[in-house]
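Participant: Pasting the sequence and the predicted coordinates here, then a few questions.
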Amino acid sequence: MITSKTRFTTLIALFLAFSNLCVAEANKEEWNLPVQLNDQNASVLFEVDSTWHLVVGKTSGVSGSASLTDKSNPQSVSIALSLPIKQFDTDNSSRDERMREVMFAETYPTVEFTGSGLTGNCTPALVISDGSCNDFIKGSLKITNVEKEVSIPVTISYLQSGSFQVEGAYAFKWGDYGVEDPSIIIARLNPVVTVKFKISLSQ
């Protein structure tokens, strides 16, 4: 026999489930933002070619945040990302020490990226429908005491887990940001470095 109490409990459970579903769908419409960025959901690598081989470096200690400045506009993505130079790792301690020197890490300890919006046509609905979408995020990149406006190509994908994944790569001349040439006589470094990143936006 179904009692009034049982019906009430069932109704409450259904209401909560529906509410959670609505919140989840609303979050998807907002890229699952806001979110705090860290080593668990954001990874950054950098590559620079040399006379001998391709040098690949990784970062740790990533910190920052991502949010929407206008919840009704999914392109109003705001990002603040900070990378501590002392935690850059190219799997060579002497090379890492030299890298910190030429980047003046004691004076300018972090690389900073500030994103101020998508400039293409990607929306959560489009990404969910098509699986992925290509766009650009505008912002500024600061290394040492030099800050420049940038437009970085990104691919936004939708995963079965309900997460959005943002991947991109950006190549630039490190000399343009006040970084000294770390090359030595027997090994020259290409003046262009490529930064690759991946960010997961989960519910």
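Facilitator: Sure, I can see it. Note that the structure is predicted; figures quoted are calculated from it, not measured.
Participant: contact partners of stretch 88-101?
Facilitator: Stretch 88-101 is contacted from outside by F46, V55, V56, G57, K58, T59, S60, I85, K86, E106, E180, P182, using Cβ atoms under 8 Å, 6 or more residues apart in numbering. Where you see a C-beta, it was placed from the backbone N, CA and C, and this is true even at glycine.
Participant: I'd like the average pLDDT over it.
Facilitator: On average, the pLDDT along stretch 88-101 is 94.
Participant: how about the strands in the protein?
Facilitator: Taking DSSP state E as the test, the strands found in the chain are 35-37, 42-49, 54-58, 63-68, 77-84, 110-118, 132-143, 146-158, 164-173, 192-201.
Participant: Adding distance to E29, write those out as a markdown table.
Facilitator: Converted to a markdown table, the strands of the chain look like this (distance: least, Cβ to Cβ, whole Å):
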| stretch | distance to E29 |
| --- | --- |
| strand 35-37 | 15 |
| strand 42-49 | 22 |
| strand 54-58 | 33 |
| strand 63-68 | 10 |
| strand 77-84 | 13 |
| strand 110-118 | 14 |
| strand 132-143 | 15 |
| strand 146-158 | 12 |
| strand 164-173 | 11 |
| strand 192-201 | 12 |
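Participant: Need those in JSON lines (columns: mean pLDDT).
Facilitator: Listed next are the strands of the chain as JSON lines, based on pLDDT from 0 to 100:
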{"stretch": "strand 35-37", "mean pLDDT": "98"}
{"stretch": "strand 42-49", "mean pLDDT": "97"}
{"stretch": "strand 54-58", "mean pLDDT": "95"}
{"stretch": "strand 63-68", "mean pLDDT": "98"}
{"stretch": "strand 77-84", "mean pLDDT": "98"}
{"stretch": "strand 110-118", "mean pLDDT": "99"}
{"stretch": "strand 132-143", "mean pLDDT": "98"}
{"stretch": "strand 146-158", "mean pLDDT": "99"}
{"stretch": "strand 164-173", "mean pLDDT": "98"}
{"stretch": "strand 192-201", "mean pLDDT": "98"}
